[in-house]
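Asks: Here is a sequence together with a model predicted from it:
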Amino acid sequence: MSAAVVAAGRREIEAIALVGFGHGVSHFFHLMIPSLFPFLMRDFGLSFTQLGLLSGVFFTLSGVGQALAGFVVDRLGARRVLLAGLTLFAASAIVLAVAPSYPALLLAATIAGIGNCVFHPADFTLLNRNISGPRLGHAFSVHGLSGNLGWALAPVFMTGIAVAWHWRAAAFAAAAVAVAPVVLFWLRRDVVADVPVTGDGRKGETRGSTFAFLGSGAVWMCFLFFLLVTVAFAALQNFGPSVLHEVYGMSLAAGASALTAFLLGGAAGMAAGGFVAARYQSFDRLIATVLALAALFALVIASGTAPAWAVTALMAAMGFCTGMAGPSRDLLVRRAATARFGSTAYGRVYGFVYSGLDVGFAIAPVLIFGPLMDAGLFRAVLVAAAAAQALAILTALNVGREVRAQP
């Protein structure tokens, strides 16, 4: 193996790590404010509705902004936009740290939501432009894993500092978390190229008009796929422990442990999915297989007939299957984007389809699962989650069919 090949491999690994670090920070900031809810409620006399509005503002702005951010990424460059998002995170943490009132908390959530909107279009543009085909599955796997780690770190980090010192100190510390990848990206800016380049050294080509992707059925199916899988995930993330308490009589602590098993299973599945996606190119069929298994596990839990001791294992298995679909899902979107629109359309396509995640997070608790919980239909929450996964299978297969039909 030549020295040039080894150097290129090391550069790709470093690029994956840099982008993954930035993505982990974005997920950390999903939970920066929610992790401090008990302290904010105490110090500002807030209601649960007011706390919920903080998260609602964050995800609404992130969802709307994400669909728009892709165009900015394609025009100004992914690295520059990514650094702007991280800088906004740092600003939001500082505003939170000095907040004198509830409107200032809303301002912090607003700035963080706008900062969050850039990550998927910027991250996936950078990965697709800098990582070779054989490593892309692993790159997407690391990207997803880093996000999960960001989620896992935020409550421990924020709550730990808030208890030891003060929640304002925790917010200032969060600002430092956002600044760290900014410094790294600047110091290692030569590692992550920001210009799409073809095999002959020319800049990448865009096919069709700027908004042509909105006329693609495959792109809309990708958007719907992300919305549906997020609806299923949101059911468990928001209400999993309460559902298991009502259906199986598990304590809330035991239900929380089962949810942790689901999340850890998802992380393990994502790691394994990178290897599977690198070996098998039928991404839509792989997604359909593992999501069908996830839906089956959800229905077994919903039946209420599983032994209580097996529920945690079933949750972990469901998480594993859901996580395994992740890298194939991202590669399928890449295939849909490049099949018709060229390499310079990555930002707008990824930005649009990934806005389905934020839409799912915004509507699922309020419009679907909250009302089911209030009506005492606890098993129906899991049945609805399984139904969302089944519908997601149909969208994935449809995307695969359309992409294969492209000349």
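Replies: Okay, I see it.

Asks: With just CA atoms, put stretch 236-252 into PDB.
Replies: C-alpha atoms of stretch 236-252 as PDB (Å, rounded to 0.1, in the frame of the first residue of the first chain):
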ATOM      1  CA  LEU A 236     -40.700   5.600  23.000                       C
ATOM      2  CA  GLN A 237     -38.500   8.600  23.800                       C
ATOM      3  CA  ASN A 238     -41.300  10.600  25.300                       C
ATOM      4  CA  PHE A 239     -43.700   8.000  26.800                       C
ATOM      5  CA  GLY A 240     -41.800   4.700  26.900                       C
ATOM      6  CA  PRO A 241     -41.400   4.400  30.700                       C
ATOM      7  CA  SER A 242     -45.000   5.500  31.400                       C
ATOM      8  CA  VAL A 243     -46.400   3.000  28.800                       C
ATOM      9  CA  LEU A 244     -44.400   0.100  30.300                       C
ATOM     10  CA  HIS A 245     -45.600   1.100  33.700                       C
ATOM     11  CA  GLU A 246     -49.200   1.000  32.700                       C
ATOM     12  CA  VAL A 247     -49.000  -2.100  30.500                       C
ATOM     13  CA  TYR A 248     -46.600  -4.300  32.500                       C
ATOM     14  CA  GLY A 249     -46.700  -2.700  36.000                       C
ATOM     15  CA  MET A 250     -43.000  -1.900  35.700                       C
ATOM     16  CA  SER A 251     -41.800   0.800  38.000                       C
ATOM     17  CA  LEU A 252     -40.900   4.100  36.300                       C
END
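
Asks: in that stretch, what counts as buried?
Replies: 236-241, 243-248, 250 (16 or more other Cβ atoms under 10 Å). (Glycine included, C-beta is placed from N, CA and C.)

Asks: low-confidence ranges in this protein?
Replies: Applying pLDDT under 70 to the chain picks out residues 1-2, 4-6, 194-212, 337-346, 405-407.

Asks: As a check, name the ranges of all strands in it.
Replies: In the chain, no strands are defined using DSSP state E.

Asks: can I see the domain layout of it?
Replies: With domains defined by automatic domain parsing, the chain comprises 3-187, 212-402.

Asks: For residue 136, give me its contacts.
Replies: Residue 136 makes contact with 127-128, 278, 331, 334, according to Cβ atoms under 8 Å, 6 or more residues apart in numbering.

Asks: between those residues, which has the most around it?
Replies: residue 127 (27 neighbours; other Cβ atoms under 10 Å).

Asks: Closest one to residue 150 out of the buried residues of stretch 236-252, please.
Replies: Residue 150 has its nearest neighbour among the buried residues of stretch 236-252 in residue 237, at 14.3 Å by Cβ to Cβ.

Asks: Adding distance to residue 359 as columns, could you present the contacts of residue 136 in JSON lines?
Replies: What follows is the contacts of residue 136, written out as JSON lines (distance: Cβ to Cβ, whole Å):
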{"residue": "127", "distance to residue 359": "23"}
{"residue": "128", "distance to residue 359": "23"}
{"residue": "278", "distance to residue 359": "30"}
{"residue": "331", "distance to residue 359": "22"}
{"residue": "334", "distance to residue 359": "21"}
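
Asks: Going by distance to residue 187, which of these wins?
Replies: Proximity of those to residue 187 (Cβ to Cβ) peaks at residue 127, which lies at 19.6 Å.

Asks: Contacts only, for that closest one.
Replies: 15-16, 19, 136, 139-140, 143.

Asks: gap between it and residue 167?
Replies: 35 Å (Cβ to Cβ, to the nearest Å).

Asks: go on, residue 24?
Replies: Residue 24 is 22 Å from residue 167, by Cβ to Cβ.

Asks: thinking again about what came up before, tabulate the domains of the chain (a markdown table), appending distance to residue 193.
Replies: Output for the domains of the chain, formatted as a markdown table (distance: least, Cβ to Cβ, whole Å):
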| stretch | distance to residue 193 |
| --- | --- |
| domain 3-187 | 6 |
| domain 212-402 | 12 |
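
Asks: which of the residues in stretch 273-293 are buried?
Replies: For stretch 273-293, using 16+ other Cβ under 10 Å, the buried residues are 273-274, 276-278, 283-284, 286-291, 293.

Asks: Kindly check the end-to-end length of that stretch for me.
Replies: The straight-line separation of the ends of stretch 273-293 (Cα to Cα, to the nearest Å) is 15 Å.

Asks: about what we covered before: of the contacts of residue 127, which pair is most distant in space?
Replies: The span of the contacts of residue 127, defined through Cβ to Cβ, is set by 15 and 140 at 12.9 Å.

Asks: Settle it for me: which of those two has more neighbours?
Replies: Of the pair residue 15 and residue 140, residue 140 is the one with more neighbours under other Cβ under 10 Å, namely 30 against 21.

Asks: For that one, give me its contacts.
Replies: 127, 274, 277, 326-327, 330-331.

Asks: likewise residue 64?
Replies: 117, 355.

Asks: From residue 78, how far off is it?
Replies: To residue 78, residue 64 is 20 Å away according to Cβ to Cβ.

Asks: Same check on residue 361?
Replies: 23 Å.

Asks: What of residue 160?
Replies: Distance of residue 160 to residue 78, given as Cβ to Cβ: 33 Å.

Asks: and if you look at residue 28?
Replies: Residue 28 is 20 Å from residue 78, by Cβ to Cβ.

Asks: between these two, which one's more packed in?
Replies: Ranked by neighbour count (other Cβ under 10 Å), residue 28 and residue 78 place residue 78 first, with 32 against 25.

Asks: which ones are touching that one?
Replies: 121-123, 125-126, 129, 194, 347.

Asks: Now intersect the contacts of residue 140 with the helices, please.
Replies: 127, 274, 277, 326-327, 330-331 (DSSP state H).

Asks: I'd like those written out as TSV, with distance to residue 314 added.
Replies: Converted to TSV, the ones in helices among the contacts of residue 140 look like this (distance: Cβ to Cβ, whole Å):
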residue	distance to residue 314
127	33
274	24
277	25
326	20
327	23
330	26
331	28
